[in-house]
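Student: need a structure here:
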Amino acid sequence: MSAPGRPALQLSLQFAEASHRALLPRHRVARWLRSALDCPAELTVRIVGEEEGRTLNREFRGRDYATNVLTFDYQHAPAVIADLVLCAPVVEREAKELGLAVADHYAHLLVHGALHAQGHDHEDEGDAAVMESRETAVLLALGLHDPYGA
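Tutor: Numbering: from 1, shown residues only. Next comes the predicted model:
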């Protein structure tokens, strides 16, 4: 069931690392994701530990460290189909370094991942400007911080 005025979302929420389960109730995760979606989506969100995050990043991106969020996008239209993998220890460390609530940082990374799942990217300057602008607009509409602000 979709929220009024928002695309339908089929969400699977998985916790391989359960330390942040209380921060990520299904309704909050769905709200954050829907806010970034432009079309219906089938998304799996998996919260993992450092080891799984590092293994996935190494195997799929050739980078031997755990990163905050990985997006595996399989289809952009007519519906988005993707997996978003977030590494709980990295998210927590980054939130502390940034002076943010851990849940707020998860919201940002879920929005970021949902934008990637729809084909947005930040590899070059022009694409990055478009993606960051959209990301900022979504986060501000959610009452959260501007991650690219001063």
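Student: Can you tell me the SS state at Glu17?
Tutor: Secondary structure assignment for Glu17 (DSSP: H, G, I helix; E, B strand; the rest coil): coil.
Student: For Arg61, see how far away it is.
Tutor: Computed as CB to CB, to the nearest Å, the Glu17 to Arg61 distance reads 20 Å. Placement of C-beta: from N, CA and C, glycine included.
Student: More neighbours: those two, which one.
Tutor: Shown here are Glu17 and Arg61; by other CB atoms under 10 Å, Glu17 has more neighbours (20 against 11).
Student: Run a quick neighbour tally on the residue nearest to Leu23 when sequence neighbours are not counted.
Tutor: Residue nearest to Leu23 in three dimensions, not counting chain neighbours: Ala103, with 4.5 Å by CB to CB, 6 or more residues apart in numbering. Look at Ala103: counted by other CB under 10 Å, it has 17 neighbours.
Student: what residue ranges in the protein score low on pLDDT?
Tutor: By pLDDT under 70, the low-scoring segments of the chain are 1-5, 150.
Student: secondary structure element for the most centrally placed residue in the chain?
Tutor: Geometric centre of the chain, nearest residue: Leu110, 2.0 Å, by CA atoms, centre = their mean. Using DSSP states H and E, Leu110 falls within helix 102-117.
Student: How far does that helix sit from its chain's centre?
Tutor: 3 Å (CA atoms, centre = their mean, to the nearest Å).
Student: who touches it?
Tutor: Residues from elsewhere that reach helix 102-117, judged by CB atoms under 8 Å, 6 or more residues apart in numbering: 20, 23-24, 28-29, 32-33, 35-37, 41, 43, 45, 68-71, 73, 76, 80, 82, 84, 86, 91-92, 94-95, 98, 131, 134-135, 138-139, 142, 144-145, 147.
Student: Selection in ChimeraX covering whichever of these are buried, please.
Tutor: Here is the ChimeraX selection string for the buried members of the contacts of helix 102-117, based on 16 or more other CB atoms under 10 Å:
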select :20,23,24,29,32,33,35,36,37,41,43,45,68,69,70,71,73,80,82,84,86,91,92,94,95,131,134,135,138,139,142,144,145,147
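Student: tally of neighbours for the residue lying closest to Pro89 once chain neighbours are set aside?
Tutor: Leaving aside its sequence neighbours, Pro89 sits nearest to Glu50 (CB to CB, 6+ apart; 4.8 Å). By the criterion of other CB under 10 Å, Glu50 has 15 neighbours.
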